[in-house]
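Student: This is the structure alone, sequence omitted:
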């Protein structure tokens, strides 16, 4: 960075995709592994189309061209908009696609229906028309690719993939105020489960979730920003608040030819979570059932005739269960009938091999092959013939993700990817090659096709050509480590001002998230492309990011430090980070600000109020201000219920510290936020009024949890910059 580095234009701060994030995504291999497909925008916009790379030559070509413009915000149904919100999806155009398992047939949902393409170059066919009907949600091929299932008006429908009329499979949901085949709100928002139905391996049965939310009170959200000429718009959501009733769920199986539902016995407890579900290779359904306290998780298999269950295993934790997608039945070889499972029983998430009866055979990663103080992130593939398991994890550094291979017979894991940084991989069906989507602090995302055996390069699929990179000259942040008051090692990143501003001390802005199941500090381009941090550093601020205790990928004990008392260890660690910067002569202790969104908004507010001797200014975006106003699964995992932990809820509430406000507080919220309701900010405003404390407020009438409209994001960035300039 030179002495004359110019400020970053506001449009570059607010525009998506962020600089460098123009690489293809949603990679998949065709059933015959000849093609590598992806969603990509050659124009580097949010509007993506479906492209294919020839696996033999690396040649790229457009594979599918939808009618019209594809999915745009203005032509999406309310249901699809909310599903996109759950997925934090900003991409437009073609947003989803799927290959059939065994035939070269593609499926993609668009706003006016479900489309299918029978192989490359074939005409695009509409098999479900929703132009004048309710949206067709979550379409999926049958295992043989001959039928498509989808959910419409709360019921599951089937339609031939070639031609024919849709046929309703499930019945009676809407009349009873229920849904069939849709994942419930908590599953989508907090449990990482978007699916609500599952085809059996032979396609003759459908497993599905029934959701009953009728007993959950409606929470109303009014679109206050609409013009008076428009009809009033109001949304009503059945939102399960912490300590209050959850949705009632059942898991049923129905023959796809039609017939009676077999309801599966999920156990004696009624207040449970359906965490995951699916089918075993032998045709039995399975489900993961979690208790309300999230300290126990059972893996159950079911008899289709009676619905009775047998337990394959049970996980328990004195902290909490972190759900995952690393259950993999073994279909062939010496361990046929057994399965691979991930567990944090050692304090770090590792893979284990079980036999068909649920007996533990051995650990596949971690101890006894190494110290085990690292985490497996994703189970990517299993070579049953050669006895190998492929996975990504943080064995070499908690700040990086690499692809590794280990043996089903045991032994130390071997690293396949070599470039330091973050690797997201997609393996082909034959387990011969993989797509490597790679980035690092100094490397924007690129994509390559590599040999699975040793990671050798086969073809470069995408070398980042975003022209903004040369113009903006983004400087990677500096990794640092420090110890908190308890001796725990913490990782941070520093965005330093240009040399023209001298050597410090500088006014400091802490960019915080701080919550569990998230990690900000990585050797990844995501941190370099933090455009707000880049902009503030060029204005002369030192910007600091620190992963405090409670953040992810450091083991269950590190993450579990905040159990039952959020807003305490995280604040202490952020204070220790500021003190360390002051001791290094980098930060001016009289000019310290903090900013964050969502959990980061909570952290910004509670840091200002609980540590007024350290922080003078806070920008708090979409904050949870009292945990009794957030949802069950997320909140109770960490805090228990308000009934079981009243002291913890009181002490973790921002409202309890309103009297402490000494500095400047800016509250930012979208008025139609259906995740962290505006009620959170409103309650804090009431507490500040009672305490006679001055605050500042920025509202977005037409935004949800994260601002989507470009003009709103530009206004937000400008407002925050001016707020810190004025008050810091």
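Tutor: Okay, I see it. These numbers come from a predicted model, not from an experiment. Numbers count the residues shown, from 1 in each chain.
Student: Residue 220 pairs with what?
Tutor: Assessed by DSSP bridges, residue 220 has beta-bridge partners residue 236.
Student: how about it, what does it touch?
Tutor: The neighbours of residue 220, taking CB atoms under 8 Å, 6 or more residues apart in numbering as the test, are 234-236. For glycine as for every other residue, the C-beta is placed from the backbone atoms N, C-alpha and C.
Student: neighbour-wise, which of those residues leads?
Tutor: When neighbours are counted by other CB atoms under 10 Å, residue 235 leads the contacts of residue 220 with 14 neighbours.
Student: now this structure, which segments are flagged as low pLDDT?
Tutor: 1-4, 68-91, 229-232 (pLDDT under 70).
Student: one step back: now, among the contacts of residue 220, which is nearest to residue 393?
Tutor: Distance to residue 393 across the contacts of residue 220 (CB to CB) is lowest for residue 235, with 40.5 Å.
Student: Skipping adjacent residues, who's closest to the closest one in space?
Tutor: Leaving out its chain neighbours, the residue that sits closest to residue 235 by CB to CB, 6 or more residues apart in numbering is residue 221, at 4.5 Å.
Student: if I read this right, the one you found contacts residue 675, doesn't it?
Tutor: No - Residue 221 sits out of contact with residue 675 when judged by CB atoms under 8 Å, with a separation of 10.9 Å.
Student: List the contacts of the helix ranked longest in the chain.
Tutor: Secondary structure of the chain read by DSSP state H shows that its longest helix is helix 710-727. Contact with helix 710-727 is made by 10-11, 13-15, 509, 532, 535-536, 539, 541, 593, 595, 616-617, 619, 663-664, 666, 668, 696, 698, 700, 702-703, 707, as judged by CB under 8 Å, 6+ apart.
Student: May I see the buried residues of that helix?
Tutor: For helix 710-727, a neighbour-count test (16 or more other CB atoms under 10 Å) marks 712-717, 720-721, 723-724, 727 as buried.
Student: Same list (these) but as a markdown table, adding distance to residue 152.
Tutor: Rendered in a markdown table, the data for the buried residues of helix 710-727 read as follows (distance: CB to CB, whole Å):
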| residue | distance to residue 152 |
| --- | --- |
| 712 | 32 |
| 713 | 34 |
| 714 | 38 |
| 715 | 38 |
| 716 | 37 |
| 717 | 40 |
| 720 | 42 |
| 721 | 46 |
| 723 | 46 |
| 724 | 49 |
| 727 | 52 |
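Student: quick check, nearest of the residues you listed to residue 153?
Tutor: The nearest one, if we look at those relative to residue 153 and count by CB to CB, is residue 712, at 32.7 Å.
Student: gap between the closest one and residue 12?
Tutor: The gap separating residue 712 from residue 12 is 16 Å, by CB to CB, to the nearest Å.
Student: Kindly report the same for residue 157.
Tutor: Here residue 157 is placed at a distance of 45 Å from residue 12 (CB to CB).
Student: which residues touch residue 282?
Tutor: Contacts here follow CB under 8 Å, 6+ apart; on that basis residue 282 touches residue 337.
Student: Next up, phi/psi of it, please.
Tutor: Residue 282 adopts backbone torsions of phi -80, psi 10, taken as degrees, to the nearest 10.
Student: Then the one 10 residues further on?
Tutor: Comment: the main-chain dihedrals of residue 292 come out as phi -60, psi -40, following degrees, to the nearest 10.
Student: pretty sure it is touching residue 273, no?
Tutor: Yes - with contacts defined as CB under 8 Å, residue 292 counts as touching residue 273 at a distance of 7.4 Å.
Student: so what's residue 235 up against?
Tutor: Applying CB under 8 Å, 6+ apart, we find residue 235 in contact with 78, 220-223, 672, 674.
Student: Also residue 677?
Tutor: Shown here is residue 677, whose contacts under the criterion CB under 8 Å, 6+ apart are 219, 221, 239, 629.
Student: for those residues, which one is nearest residue 180?
Tutor: Using CB to CB, residue 239 is the member of the contacts of residue 677 that sits closest to residue 180, with 21.2 Å.
Student: Not including adjacent chain positions, what is the nearest residue to that closest one?
Tutor: The shortest distance from residue 239 to any residue that is not its chain neighbour, by CB to CB, 6+ apart, is 4.4 Å, and that residue is residue 219.
Student: And for residue 29?
Tutor: The spatial neighbour of residue 29 that comes closest, neighbours along the chain excluded (CB to CB, 6+ apart), is residue 428 at 4.5 Å.
Student: so that neighbour touches residue 33, yeah?
Tutor: Yes - here residue 428 reaches residue 33: they are 4.6 Å apart, a contact under CB under 8 Å.
Student: so what sits against both of those two?
Tutor: Common neighbours of residue 428 and residue 33 (CB under 8 Å, 6+ apart) are residue 55.
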